[in-house]
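1. return a 3D structure for these sequence lines:
(2 chains)
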Number of protein chains: 2
Amino acid sequence: MSPEEFRRYGKQVVDWIADYLSTIESYPVGARTRPGEVRAALPAHPPEQGEPYEKVLEDVSRVIMPGITHWQHPSFFAFFPSNASGPAILGDLLSSGLGVQGLVWAASPASTELETVVVDWLAELLGLPARFRTDSTGGGVIQDSASSSALVALLAALHRTSGGEIRAGGITRRYTLYVSSQTHSALEKAARITGIGADNVRVVDVDPLTLAMDPGHLRSLVTEDIAAGAVPAMVCATVGTTSTTAIDPVAAIGPVCAEHGIWLHIDAAYAGVAAICPELRWINDGVAEYADSYATNPHKWLLTNFDCGVLWVADREAVTGALSIMPEFLRNQASDSGEVIDYRDWQVPLGRRFRALKLWSVIRWYGAEGLRQHLRTMVSLGDEFAALVSADPDFEVRPHHPFGLVCFRPLWTDEETMALLERLNDSGELYLSHTRVAGRVFLRMAIGAPSVTSDHIAKAWATIRRISRDMRPA
Amino acid sequence: MSPEEFRRYGKQVVDWIADYLSTIESYPVGARTRPGEVRAALPAHPPEQGEPYEKVLEDVSRVIMPGITHWQHPSFFAFFPSNASGPAILGDLLSSGLGVQGLVWAASPASTELETVVVDWLAELLGLPARFRTDSTGGGVIQDSASSSALVALLAALHRTSGGEIRAGGITRRYTLYVSSQTHSALEKAARITGIGADNVRVVDVDPLTLAMDPGHLRSLVTEDIAAGAVPAMVCATVGTTSTTAIDPVAAIGPVCAEHGIWLHIDAAYAGVAAICPELRWINDGVAEYADSYATNPHKWLLTNFDCGVLWVADREAVTGALSIMPEFLRNQASDSGEVIDYRDWQVPLGRRFRALKLWSVIRWYGAEGLRQHLRTMVSLGDEFAALVSADPDFEVRPHHPFGLVCFRPLWTDEETMALLERLNDSGELYLSHTRVAGRVFLRMAIGAPSVTSDHIAKAWATIRRISRDMRPA
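-> As a prediction, the model looks like this:
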């Protein structure tokens, strides 16, 4: 495709996306397709001859769109938001157009350096401690996800705990990882990937009301494990759990880690960005004093399209100690000088996209004030929704919803609640997901799309009431 | 940013990229920036108020571009190609615009189903065996890189070898991984990440001329390790090594693996796509009979912008056994039914972009014939370059260059060759990288940009001759 063809088709695709975004509310939020339906509508064999790009666009509209659940729809409230925004898409497009690799600094220096700037900007916006800055002993790096951030943190923790022995010798003793029942499954996955094993993931009790990790129980598990000969490698505290956005007490967990030299990782995948608002900065109490690493995903709630998760560490040498290898074909003067960051040693893959462009675009387009306004609007819409549901005696709302997620349920059996969820999602009017708290099914209303307004919240509640009344008339 | 603002700015960005691609030859290929220069030119603090997108584009041109090494430049010959193309960029743009997550089938069914279609298409184009198709017991999945593909393959191998015990218990005995001295460093990285440890990566001898793995030595290492109580977990054979595109003899390695039940992974990151051309399909001799997994990266040599690496496995249950976890918030009827693929269980991260769109765009725009023509042109340009260098008595060319990579050196000391490399890259006229073969430094000329022609090859050789003559007059 020549540059001029790209210019022509590129503008068609931009129009296609602008049209999509301006008519997105005309689509049912959730796809109504059955397994295999999209596949069956596509040719079984690849084309022998090339086709004009118009055909691809036609098939996107005809075959792909009916199988799309619209994550950017203002009435998409499932999982956590994964919101794109105009400037993010444009930053990503620039990255695709430049097509550079930032595996080592020398491979395209601006890619690495812009990344160090934007992760330092974000650290400043969040009020993270100076040791997490790239101009200190630590630094930040863009990962594809909080799962990968947790994996890298655990690898760094194992490296430090083993005094680097694990690098050559592998896992030769029992290492333990501490989570709560509310911690994201990515931590168990990381324990399995690193060879620690799921049995050595120790599940700390939570407060039954707040669902926050119990530091006293953490202390007793750690003591017990050390007495049994295990080596505690890492504690993961969560700021804003996936299930209900519960917040683990980092300020009380930290001293347990400090006492035993255990790496403290903070998984703030969704909620961490809220600290851009000074009135929400309390969520990070204890982080400045105790955390070894901190992860939050601008691709969830900060208007930056996937993938853009940021991991900060206080000691970059633990990360590079765990992950660096220097094959001959990558040797270069800049790396040898030690003056530069080579981000391939901060992640699992070798290659890397120029993802800093999209985060930079977002921060510049919105500015700190624009980002704060977005987050505050979402929190306030969450409060609006919670107030609506609370006023209905047939529903229960979970307390503690400091962010954009509200968990609620009809006062029904779990089976009935799941049937309601299915009916709601089948309606096409909104899309929700669910969780289980103390054995009970709750529905999750996660608000984050930049286009969502009070009207969408009111409409969502009206739909929920209408469909629930249909299912169980008063 | 409203859809209408996006429409306007989007077209500006498309124009910016089209202009960039049509004037790319006016840039020096390699960045001439010093460490810290780009960072110093950017504001130390994030903006408090938003800025118009024009400002971002201005800064891309003013601050970022001088720090860019132009991987899409037709005279970029370093590392391996990492080529974008118009349809790939457009597919990626559609993915950003839709902004859907394909973590489980139910989250946006078309994302998973289009991926199954395109990886099956690619398997067909490459002539891979039926057991690698997603409509069999195995299947393909798009990963971010061959490093991640190797890691996932190793996790699957460990799962199978341990009878699933590793999942809960972790690494509790000595597992070994077999590579050659020419294998990519990603394999050692995977061994460290999985807790096997670098010391348990066994390095098999290579043929001194072809640099291909010696199956006899593999067999003796395996026998020795088993006798010493180790469990051989995986052999990685490479089709097209990073250093020189050497090809390990899969047909002779396979029987050793089969005899001992060892997982055989094929790392064909760069060269694998060449099998689209029937005359190059011999590179996969033995794959159909013996391979458990196969990885190749369309983002290297197949005109699809990073990231797009494809991993196929013959037994998907080994992969999902190693990586699946089902937290409550992801439970859904489709997953419970077992009728669908949930790709989050085939990779490290949970979230995933709709990357199938770009590979689909590429295959449709070029068609099988267009892709073959691209690959054949690159191979033929490699031959042209090798002929030019061979004709010069002051240079040596490595034999065996079946793809687009030619390794060569002036008949100088290694220090002088490295000095030549530096002078060449500083010239801005081309960009090369280097490797070391049997202790000697060779320069690597990797040809892959869709815009490269005979003229660029002739010009590159003229530059190399001119600068080498300047350094050592005859």
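2. mind listing the strands for the stretch 101-250 of chain A?
-> Counting by DSSP state E, counting those that start in this stretch, one finds strands in the stretch 101-250 of chain A at the ranges A:139-143, A:175-180, A:201-204, A:231-238.
3. how about a markdown table for those strands, with mean pLDDT, distance to B:Val203 and mean neighbour count added?
-> Heads up, the C-betas are built off the backbone N, CA and C, glycines and all. Shown next, in a markdown table, are these (pLDDT from 0 to 100; distance: least, CB to CB, whole Å; neighbours: other CB atoms under 10 Å in any protein chain shown):
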| stretch | mean pLDDT | distance to B:Val203 | mean neighbour count |
| --- | --- | --- | --- |
| strand A:139-143 | 98 | 30 | 26 |
| strand A:175-180 | 98 | 27 | 27 |
| strand A:201-204 | 98 | 33 | 20 |
| strand A:231-238 | 98 | 29 | 28 |
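4. can I get those strands in CSV with distance to B:Ser96?
-> Converted to CSV, the strands of the stretch 101-250 of chain A look like this (distance: least, CB to CB, whole Å):
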stretch, distance to B:Ser96
strand A:139-143, 16
strand A:175-180, 33
strand A:201-204, 35
strand A:231-238, 29
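5. among these, which is nearest A:Ala334?
-> strand A:139-143 (16.4 Å; CB to CB).
6. tell me what that closest one is packed against?
-> When contacts are defined as 3 or more CB pairs under 8 Å, 6 or more residues apart in numbering or on different chains; DSSP states H and E, strand A:139-143 sits against helix A:109-126, strand A:309-313.
7. neighbouring strands - and their directions - for it?
-> Using DSSP bridges, the strands paired with strand A:139-143 are strand A:309-313 (antiparallel).
8. quick one: mean pLDDT for the strand it pairs with?
-> For strand A:309-313, mean pLDDT rounds to 98.
9. tell me how far it lies from the chain's centre.
-> 11 Å (CA atoms, centre = their mean, to the nearest Å).
10. now the element after the helix or strand harbouring A:His434, going C-ward?
-> Here A:His434, judged by DSSP states H and E, is contained in strand A:433-437. Next along the chain after strand A:433-437, taking DSSP H and E as the criterion, comes strand A:440-446.
11. pLDDT weak spots in chain A?
-> The model of chain A has pLDDT under 70 over residues A:474.
12. longest helix of it?
-> Taking DSSP state H as the criterion, chain A has its longest helix at helix A:356-390.
13. between helix A:109-126 and that one, find me the angle.
-> Orientation check (axes from the mean of the first three to the mean of the last three CA atoms, to 10 degrees): helix A:356-390 against helix A:109-126 gives 30 degrees.
14. which parts of helix A:356-390 are buried?
-> A:356-368, A:370-372, A:374-375, A:377-379, A:381-386, A:388-389 (16 or more other CB atoms under 10 Å in any protein chain shown).
15. and stretch A:12-21, does that touch chain B?
-> Yes - applying CB under 8 Å from any CB of the partner chain, one finds stretch A:12-21 touching chain B at A:Val13, A:Val14, A:Asp15, A:Trp16, A:Ile17, A:Ala18, A:Asp19, A:Tyr20, A:Leu21.
16. all set now, cheers.
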